[in-house]
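1. can't give you the sequence, but here's the structure:
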């Protein structure tokens, strides 16, 4: 008994995966000894093998376009909107390509830093590898997480060693200090292997020097795939390698998915978000993991709208000159959202909060008093009062920490603020929290601007597709922001955008307007550091804005709810599950101790 398929006869016990692998090893199409043409081409067999190994996953015109390019081109550049399936599609190709010749293949996968590898391409590779092996255990390779690699050779004894020239290896290109790790790539470039592959993820953040590795790798049986979200003309590796052969001026403004020959002799694919398969009539909103109309509408409603960096880089996904930075807030947004308007309470405010940014030692120590409640008209809002600079005398017997604690104690008491509603950002000085605990109360709350963002939901209308559950879920702040301080700044922006800010202080608004954010690895938002802000602004420190961030964080912890940001399409239905989660988290926050570690 034989299996007849693709013009060939196969042994009756042939597994479908092995048939596809054999077709790939034969180049996708070949002529039998009897002169019969066999096989349906590399694209068909790669795609068929994907369906066998990951049957839950689907295909669409973007994934097909990427796969065809990688199979036909020596070098492919895939740039475009976020949530366009770039990394996922290339990861599947890399695994099948490796399994087609596991003894002769070395694939290097690069990203920003080690965390970028885990979040993006290496994380995808591991998850896909595990799912495929669960279905077909005969597939080669052993995962070595410590080395970010999958290796063909297995180790069975103490005297054996793996041949690292066979497998898939993740290589970080940026150190934790932000330095380019060019030597790491050069070390791999000298390795001799018959089949060499280079996958560069998030190239919009990698220096141009990265491309020098092609001088050593781009020989013989080589394939390169470079991925990223374009950020204007920022001079990074993605901008260089994707450039049209005739220059950027030759293609004009891209408005739909487009391809062109690039200066490196390869093909550039530009996936435009508003041309996503989710916008096609026959597949409308079919793919939850791809950018869709709700994503576009949400970003269009944010500050800057369709002129913002978010719109051009994350939704459009095209190169737009002059759009390289953005601000947390600006006066136009504050004005349009009613943040400078006065507030008249309909009832007594339900919350009184005091927020202190202890920027002493050269910087001002600023205190912010806010009230939360329902204004006339029924809107739940935060009213900001005039900010105060805490006086600190030098050369006295009383320490600066004790002076700040005593002054804030008296001011908070005069405002009727409970000790448990006082929030401080002590910076690097743990002694300030001790002074507040001694001079005021152990019930006050210390906030640490440092560290990663929390696992709170970003908002009730921002979702991500979870590959493990194959469902959409609320996106967490940890996935959206690179640092906790960034989360704090954008929490203030959310209050403003939702129309819930009143009497916003002008000095703080000016500082927010001067402070920039950018995209970093994992398409996360990152607020510039205080040192960067000072350097650009003549040594001035954003203490008034920081104090607002402390006070708003206190309001959120004590139960203030940021309403859904209005959109042109009107309000979306409430998500009861998300509100339950938010309510539970607010209850947990109320039990936080003095040294609450976010």
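-> Okay, I see it. Treat the numbers as computed from the prediction; the structure is a model and nothing was measured.

2. surely residue 196 and residue 213 touch.
-> No - between residue 196 and residue 213 there is no contact under C-beta atoms under 8 Å: 10.5 Å. C-betas here are computed from N, CA, C, even on glycine.

3. gap between the two ends of stretch 178-185?
-> End-to-end distance for stretch 178-185, by C-alpha to C-alpha, to the nearest Å: 16 Å.

4. check what pLDDT residue 336 gets.
-> For residue 336, the pLDDT comes out at 87.

5. that one - how many residues pack around it?
-> 13 (other C-beta atoms under 10 Å).

6. which residues touch it?
-> Residue 336 makes contact with no residue under the criterion C-beta atoms under 8 Å, 6 or more residues apart in numbering.

7. same question, residue 337
-> Counting by C-beta under 8 Å, 6+ apart, residue 337 has contacts 496-499, 501.

8. how about residue 20?
-> 45, 48-49, 52.

9. if we use 10 Å, what do you get?
-> 5-6, 44-53, 96, 99-100 (C-beta atoms under 10 Å, 6 or more residues apart in numbering).

10. ChimeraX command to pick out the buried ones of these?
-> If you want just the buried ones from the contacts of residue 20 in ChimeraX, going by 16 or more other C-beta atoms under 10 Å, the selection is:
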select :6,45,46,47,48,49,50,52,53,96,99,100
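
11. strands - which of the contacts of residue 20 land there?
-> residue 5 (DSSP state E).

12. just the buried residues from the contacts of residue 337, in ChimeraX please.
-> Of those, the buried ones can be selected in ChimeraX as follows, counting by 16+ other C-beta under 10 Å:
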select :496,497,498,499,501
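
13. now the contacts of residue 337 as JSON lines including secondary structure and distance to residue 202?
-> Converted to JSON lines, the contacts of residue 337 look like this (DSSP: H, G, I helix; E, B strand; the rest coil; distance: C-beta to C-beta, whole Å):
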{"residue": "496", "secondary structure": "helix", "distance to residue 202": "30"}
{"residue": "497", "secondary structure": "helix", "distance to residue 202": "28"}
{"residue": "498", "secondary structure": "coil", "distance to residue 202": "31"}
{"residue": "499", "secondary structure": "coil", "distance to residue 202": "35"}
{"residue": "501", "secondary structure": "strand", "distance to residue 202": "34"}
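
14. pick out whichever of the contacts of residue 337 sits closest to residue 419.
-> Residue 419 lies nearest to residue 501 out of these, by C-beta to C-beta, at 25.4 Å.

15. if I look at the closest residue to residue 501 other than its chain neighbours, how far off is residue 333?
-> Nearest residue to residue 501 in three dimensions, chain neighbours excluded: residue 339, at 4.0 Å (C-beta to C-beta, 6 or more residues apart in numbering). Look at residue 339 and residue 333: by C-beta to C-beta, to the nearest Å, they are 8 Å apart.

16. give the residues shared as contacts by these two.
-> With C-beta under 10 Å, 6+ apart, residue 339 and residue 333 have common neighbours 496-497, 509.

17. would you mark the buried spots in the top strand by length along the chain?
-> Longest strand in the chain by number of residues (criterion: DSSP E): strand 365-374. Neighbour-count burial for strand 365-374, counted by 16+ other C-beta under 10 Å, picks out 365-373.

18. dump the residues you listed to JSON lines, plus pLDDT and distance to residue 135.
-> Formatted as JSON lines, the buried residues of strand 365-374 follow (pLDDT from 0 to 100; distance: C-beta to C-beta, whole Å):
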{"residue": "365", "pLDDT": "89", "distance to residue 135": "61"}
{"residue": "366", "pLDDT": "92", "distance to residue 135": "59"}
{"residue": "367", "pLDDT": "94", "distance to residue 135": "60"}
{"residue": "368", "pLDDT": "96", "distance to residue 135": "57"}
{"residue": "369", "pLDDT": "97", "distance to residue 135": "61"}
{"residue": "370", "pLDDT": "97", "distance to residue 135": "56"}
{"residue": "371", "pLDDT": "97", "distance to residue 135": "59"}
{"residue": "372", "pLDDT": "97", "distance to residue 135": "53"}
{"residue": "373", "pLDDT": "96", "distance to residue 135": "57"}
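
19. and those residues, which is closest to residue 265?
-> Using C-beta to C-beta, the buried residues of strand 365-374 come closest to residue 265 at residue 366, 56.4 Å.

20. so the spatially closest residue to that closest one that is not a sequence neighbour: helix, strand or coil?
-> Leaving aside its sequence neighbours, residue 366 sits nearest to residue 547 (C-beta to C-beta, 6+ apart; 4.1 Å). On the three-state scheme (DSSP: H, G, I helix; E, B strand; the rest coil), residue 547 is labelled helix.

21. and residue 547, what does it touch?
-> Residues near residue 547 by C-beta under 10 Å, 6+ apart: 354-359, 364-369, 387-390, 423-425, 505, 508, 511.

22. rerun at 7 Å
-> By C-beta atoms under 7 Å, 6 or more residues apart in numbering, the residues touching residue 547 are 355-357, 366-368, 387.

23. just put the residues you listed in TSV and tack on distance to residue 169.
-> Formatted as TSV, the contacts of residue 547 follow (distance: C-beta to C-beta, whole Å):
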residue	distance to residue 169
355	47
356	49
357	45
366	49
367	52
368	50
387	52
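
24. shaky segments in the stretch 401-550 of the chain?
-> In the predicted model, the stretch 401-550 of the chain carries pLDDT under 70 at residues 427-430, 522.

25. er, the chain I mean
-> In the chain, residues with pLDDT under 70: 155-163, 176-177, 189, 303-304, 322-325, 359-362, 427-430, 522, 564-598.

26. tell me the domain boundaries of it?
-> Following automatic domain parsing, one gets these domains for the chain: 1-40, 57-316, 331-590.

27. returning to that earlier point: list the contacts of the residue nearest to residue 501.
-> Residue 339 neighbours (C-beta under 7 Å, 6+ apart): 496, 501-502, 504.

28. let's see 6 Å
-> Counting by C-beta atoms under 6 Å, 6 or more residues apart in numbering, residue 339 touches 496, 501, 504.

29. would you map the helices across the stretch 101-250 of the chain?
-> Along the stretch 101-250 of the chain, the stretches classed as helices by DSSP state H, counting those that start in this stretch are 114-119, 121-135, 182-189, 214-217, 237-241.

30. which of the residues in the shortest one are buried?
-> Buried positions in helix 214-217, judged by neighbour count with 16+ other C-beta under 10 Å: 214, 217.

31. centre of the chain to that helix, how far?
-> 30 Å (C-alpha atoms, centre = their mean, to the nearest Å).

32. check which helices and strands it sits against.
-> Judged by 3 or more C-beta pairs under 6 Å, 6 or more residues apart in numbering; DSSP states H and E, helix 214-217 is in contact with no other helix or strand.

33. change it to 10 Å
-> helix 182-189, strand 195-200, strand 221-228 (3 or more C-beta pairs under 10 Å, 6 or more residues apart in numbering; DSSP states H and E).

34. quick check: which of those is nearest to residue 291?
-> Judging those by C-beta to C-beta, what sits closest to residue 291 is strand 221-228, at 15.3 Å.

35. tilt between the closest one and strand 195-200?
-> With axes from the mean of the first three to the mean of the last three C-alpha atoms, to 10 degrees as the basis, strand 221-228 and strand 195-200 are set at 10 degrees to each other.

36. for the closest residue in space to residue 498 that isn't next to it in sequence, list the residues it contacts.
-> In this structure, residue 498 finds its nearest non-sequential neighbour in residue 563, 4.7 Å apart by C-beta to C-beta, 6+ apart. Counting by C-beta under 10 Å, 6+ apart, residue 563 touches 379-381, 459-460, 494-495, 497-500, 571.

37. many thanks, we can stop here.
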